[in-house]
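Undergrad: dropping a prediction and its sequence here:
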Amino acid sequence: MKFQNKYKKQLLPAVISLSILPLYAGGAIAQQESASLEEVVVTARKRQESIQDVPVAVSALSPGQLERGSITSSLELGKMVPNVELHETAIGSESLSASIRGMSYDDIEKSIEPTVGVAIDGVFLASNSGGVFDLFDVDSVEVLRGPQGTLFGRNTIGGVISVQRTEPTGEFGAKLEATAGDEDMTDIKGVINMPLGDNGGIKLSFKSLESDSHVYNTSLNARRSMKDSETMSIAVKYNFSENTSAVLTFDDYDHNTTAPDNVFVGFEALGNQGAINSEANDWKTSPQFLPLTATLEGENTTLKVTHDTDNFQIKYIMGIMDYDEVVREASWGLGPDVLGGVFFPVDRDQNFKQTSHELQLTSDLDGPMNFVAGLYSMEADSYITSGPIQNFTALHYLDSTAVFGEMSYEINDLWSFTLGARYTEEEKELDTRSYPMVSGNAARLANSYVAADLLNSANPTFKDNNTSFRVVLQREIETGMVYASYSTGYRSGGFFNRGITPLENLPFKSEEVASIELGMRSNPTDNSQINITYFNSEYTDKQTTVIVPASDADCDKEQNDAGSVTCSFVRNAGEVSMSGIEFEGTYMPTDALTLRASFGTLDADYDEYNYNGVDISDKARLLYAPDLTAYLGAEHTSDRAGGTLTINVGFSHKDEVETQADWSTYDPVTGPEVTIESFETLDISATFMKELSNGTLKLRVYGTDVLEDGNRVGRRYDAGSFAWAELVPRRQMGVTVGYEF
């Protein structure tokens with residue numbers, strides 16, 4: 001691991017902070033000690049532990065924080081957690097693009113792996129579809145930063161977002177909420193619990209969301225409908241004995257999204273004036289004539305079986321996801337008088353299924369050693385058909401198995417160490433065919449092509465194996481503990497199934513990350529908490545998506561024959577160095593007031609970017625890697641009108657980030673613009689809860705980004721021959737009414 005001068009500059013303040021903060025906290029803060037922070041329990045190491053005892057950079061939100069605050073969706077976790085950037089992609093319904101510590105993935109292809117793992121009830125999502133979800137019915141939310149390859153496996157080089165939903169209570173009860181907000185938004189959701197005999201319970205959950213677009217369409221002189229989403233779930237828990245229980249959950253969902261009208265920012269002749277007008281109007285308008293629509297419809301099944309003994313727990317988790325995705329996109333700002341209103345139409349129909357199994361053995365021994373060990377397997381396959389300009393079909397198959405273990409040993413009362421490893425084997429196969437451009441989708445969808453139509457056919461395979469490690473040395477201090485760790489992880493290689501020519505179908509290699517962390521977890525007093533982490537990571541064989549015009553020398557003749565306007569590649573471009581400091585602090589001066597603060601710094605640059613033999617690291621930029629993220633929050637609770645009133649205020653800041661571009665030819669003068677400017681948000685909510693004779697009434701008024709009107713650019717995408725900007729709303733106001741018994 002090499003430490004350049006820039007890393008030494010960041011290491012110095014980290015060491016100083018580790019040295020002086022316990023002294024400061026133990027003195028000045030202790031004098032005001034009048035309240036006590038609740039212990040937060042996490043499962044970052046697949047066992048229940050206090051967050052202050054875990055040598056991992058993990059942030060956790062309790063159900064109480066979610067109940068009283070403004071964090072209602074997985075997208076909003078990035079406001080509070082340092083070095084985390086989250087947004088939704090308009091080209092996929094409920095698709096999460098996540099970046100942690102500069103390790104990002106911003107696409108929807110099933111053949112390319114995410115950099116951040118998302119787990120719901122212990123089941124990992126093999127793609128980012130479905131990664132945008134509601135946080136209404138959850139028991140815990142954890143965000144782990146840094147490589148988590150030992151316990152969580154492949155494609156967690158950036159970290160993991162882990163959510164556990166509540167289990168059936170086995171008693172009669174219900175929790176119901178209805179929210180009305182701007183853009184005619186209505187959000188109705190609920191949970192109903194009931195007993196199942198003497199040894200079990202049933203939980204029914206539902207959610208229905210509808211809203212209009214926050215972007216006014218100047219071609220239609222109206223706002224489009226944007227969201228129409230419904231989810232139904234049933235969970236059954238049964239206790240076979242005092243030590244053995246099982247929970248079976250079935251989810252059915254139907255998400256329909258008409259994306260907020262994107263703004264085309266390409267050539268002026270093709271509608272760039274719309275972007276100029278929209279920007280001048282705080283991005284409130286768009287001339288996009290035809291909408292981009294995306295649907296995600298499917299079912300998930302999860303089974304968790306747990307058996308406890310005096311010293312061990314055995315857990316089995318099975319997860320099945322089976323869904324269909326449809327994307328219809330066209331126009332990007334063009335009106336009906338420009339090229340017939342359609343510049344580059346894309347119709348994508350895709351089905352996806354994954355099945356995973358995990359078996360864990362976790363110890364709870366009285367001696368100095370404890371461990372967790374397990375086996376994991378996953379199969380996933382997807383089939384996509386796309387056209388009518390870039391016409392192709394692609395069948396992608398994945399088979400992955402792993403064995404893992406991690407052992408912690410207490411050397412004495414002060415020192416302990418942790419050793420962990422995970423071995424993974426995987427195979428992938430791609431069967432892809434491309435065809436000439438057609439005037440419509442009827443022939444493609446009917447599979448009526450003949451052999452003479454075939455432009456390209458490929459059936460490549462990919463095999464790989466990897467061993468990830470984690471080593472931790474931990475020492476207890478008077479106010480908590482400090483640790484040093486070295487961990488590795490990898491992101492799987494494979495294929496870009498959107499490619500339709502031989503060069504685009506070539507496989508790319510896996511990428512690897514090695515990271516050093518120095519951390520302190522401290523409770524200087526009962527009412528204060530200070531957590532600091534310094535990290536330094538080396539990123540090798542980094543995968544980079546490159547989209548170039550069809551006229552580019554890298555495109556094949558077949559691409560031009562197909563009538564395409566772009567070629568798409570994934571390449572192992574080179575190496576990246578990343579380092580930074582993360583701070584999270586909580587202070588509770590009284591029982592009524594809780595103050596929270598966090599910030600993350602990130603220094604991330606390409607050391608090498610080999611583009612066809614030329615090093616372009618001097619001008620290539622890392623995607624979604626803000627130099628600074630920060631959050632300040634306050635929560636105050638008081639007795640009012642026979643109930644409790646909680647006021648939440650949260651202020652967050654994110655530095656500017658770069659988005660998709662072909663850095664080999666990109667010119668910041670001629671554009672298109674790929675930078676998303678820095679921004680701040682101020683969120684405020686007031687929640688009133690009152691105990692009634694047979695339940696609890698909840699009233700909540702909220703405002704997000706209350707200081708700003710209009711919209712802002714949340715995502716940009718440069719696709720070679722054209723580019724667009726996706727818009728997200730700023731100020732949003734609403735009212736929630738809830739009842740629980």
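TA: Cool, got the structure. Just so you know, these numbers come straight off a predicted model, no measurement behind them.

Undergrad: quick one: secondary structure of residue 132?
TA: coil (DSSP: H, G, I helix; E, B strand; the rest coil).

Undergrad: and stretch 61-70, which residues are buried?
TA: Applying a neighbour-count criterion of 16 or more other Cβ atoms under 10 Å, the buried positions in stretch 61-70 are 61, 65, 66, 67, 68, 69, 70. All C-beta atoms are positioned from the backbone trio N, CA, C, and that covers glycine.

Undergrad: quick one: which of those sit in helices?
TA: 65, 66, 67, 68 (DSSP state H).

Undergrad: pretty sure the last one contacts residue 687?
TA: Yes: counting by Cβ atoms under 8 Å, a contact exists between residue 68 and residue 687, whose distance comes to 5.0 Å.

Undergrad: any common contacting residues for the two?
TA: 646, 648 (Cβ atoms under 8 Å, 6 or more residues apart in numbering).

Undergrad: residue 77 looks like it's in a strand, true?
TA: No: read with three-state DSSP, residue 77 is helix and lies in no strand.

Undergrad: number of residues surrounding it?
TA: Residue crowding around residue 77 was assessed by other Cβ atoms under 10 Å; the count is 20.

Undergrad: then residue 324?
TA: Other residues close to residue 324 by other Cβ under 10 Å number 12.

Undergrad: look up which residues are beta-bridged to it.
TA: With DSSP bridges as the criterion, residue 324 is bridged to residue 297, residue 351.

Undergrad: residues in contact with it?
TA: With Cβ under 8 Å, 6+ apart, residue 324 has these contacts: 295, 296, 297, 298, 349, 350, 351, 352.

Undergrad: show me which of the residues you listed is closest to residue 724.
TA: residue 295 (20.2 Å; Cβ to Cβ).

Undergrad: show me the contacts for residue 91.
TA: Taking Cβ under 8 Å, 6+ apart as the criterion, residue 91 is in contact with 108, 259, 292, 294, 327, 329.

Undergrad: for the stretch 551-700 of the chain, which segments are assigned as strands?
TA: Remark: strands assigned in the stretch 551-700 of the chain by DSSP state E, counting those that start in this stretch are 566-590, 593-601, 603-611, 614-615, 628-640, 643-654, 657-658, 675-676, 679-692, 695-704.

Undergrad: export those to TSV and tack on mean pLDDT and distance to residue 666?
TA: Output for those, formatted as TSV (pLDDT from 0 to 100; distance: least, Cβ to Cβ, whole Å):
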stretch	mean pLDDT	distance to residue 666
strand 566-590	90	14
strand 593-601	96	26
strand 603-611	91	11
strand 614-615	88	14
strand 628-640	96	24
strand 643-654	96	22
strand 657-658	94	10
strand 675-676	92	11
strand 679-692	96	23
strand 695-704	95	33
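
Undergrad: can you list these in a markdown table and add distance to residue 506 and mean neighbour count?
TA: Output for the strands of the stretch 551-700 of the chain, formatted as a markdown table (distance: least, Cβ to Cβ, whole Å; neighbours: other Cβ atoms under 10 Å):
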| stretch | distance to residue 506 | mean neighbour count |
| --- | --- | --- |
| strand 566-590 | 8 | 21 |
| strand 593-601 | 36 | 19 |
| strand 603-611 | 15 | 18 |
| strand 614-615 | 19 | 10 |
| strand 628-640 | 36 | 16 |
| strand 643-654 | 36 | 18 |
| strand 657-658 | 26 | 21 |
| strand 675-676 | 31 | 18 |
| strand 679-692 | 39 | 17 |
| strand 695-704 | 44 | 18 |
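
Undergrad: tabulate these in a markdown table, adding columns for distance to residue 488.
TA: Listed next are those as a markdown table, based on distance: least, Cβ to Cβ, whole Å:
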| stretch | distance to residue 488 |
| --- | --- |
| strand 566-590 | 14 |
| strand 593-601 | 22 |
| strand 603-611 | 18 |
| strand 614-615 | 25 |
| strand 628-640 | 25 |
| strand 643-654 | 28 |
| strand 657-658 | 26 |
| strand 675-676 | 31 |
| strand 679-692 | 34 |
| strand 695-704 | 38 |
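
Undergrad: and of those, who's closest to residue 194?
TA: That would be strand 695-704 among these, by Cβ to Cβ, at 15.6 Å.

Undergrad: look up how far residue 90 lies from residue 113.
TA: 21 Å (Cβ to Cβ, to the nearest Å).

Undergrad: and for residue 616?
TA: Per Cβ to Cβ, residue 616 is found 29 Å from residue 90.

Undergrad: looking at the two now, which is surrounded by more residues?
TA: Using other Cβ under 10 Å as the criterion, residue 616 and residue 90 rank with residue 90 on top: 25 against 19.

Undergrad: tell me who's in contact with that one.
TA: With the criterion set at Cβ under 8 Å, 6+ apart, residue 90 makes contact with 257, 259, 260, 262, 292, 294, 715, 726.

Undergrad: pLDDT and distance to residue 377 added to those residues, as JSON lines?
TA: Shown next, in JSON lines, are the contacts of residue 90 (pLDDT from 0 to 100; distance: Cβ to Cβ, whole Å):
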{"residue": "257", "pLDDT": "86", "distance to residue 377": "32"}
{"residue": "259", "pLDDT": "79", "distance to residue 377": "36"}
{"residue": "260", "pLDDT": "76", "distance to residue 377": "39"}
{"residue": "262", "pLDDT": "76", "distance to residue 377": "39"}
{"residue": "292", "pLDDT": "84", "distance to residue 377": "36"}
{"residue": "294", "pLDDT": "90", "distance to residue 377": "30"}
{"residue": "715", "pLDDT": "88", "distance to residue 377": "34"}
{"residue": "726", "pLDDT": "88", "distance to residue 377": "36"}
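
Undergrad: restricted to strands, list those.
TA: Among these, the members falling in strands (DSSP state E) are 257, 294, 715, 726.

Undergrad: ok, now which ones touch the nearest residue to residue 121 once chain neighbours are set aside?
TA: Using Cβ to Cβ, 6 or more residues apart in numbering and skipping the chain neighbours, the partner closest in space to residue 121 is residue 302 (5.2 Å). Residue 302 makes contacts with 120, 121, 122, 123, 247, 248, 249, 251, 317, 318, 319, 320, as judged by Cβ under 8 Å, 6+ apart.
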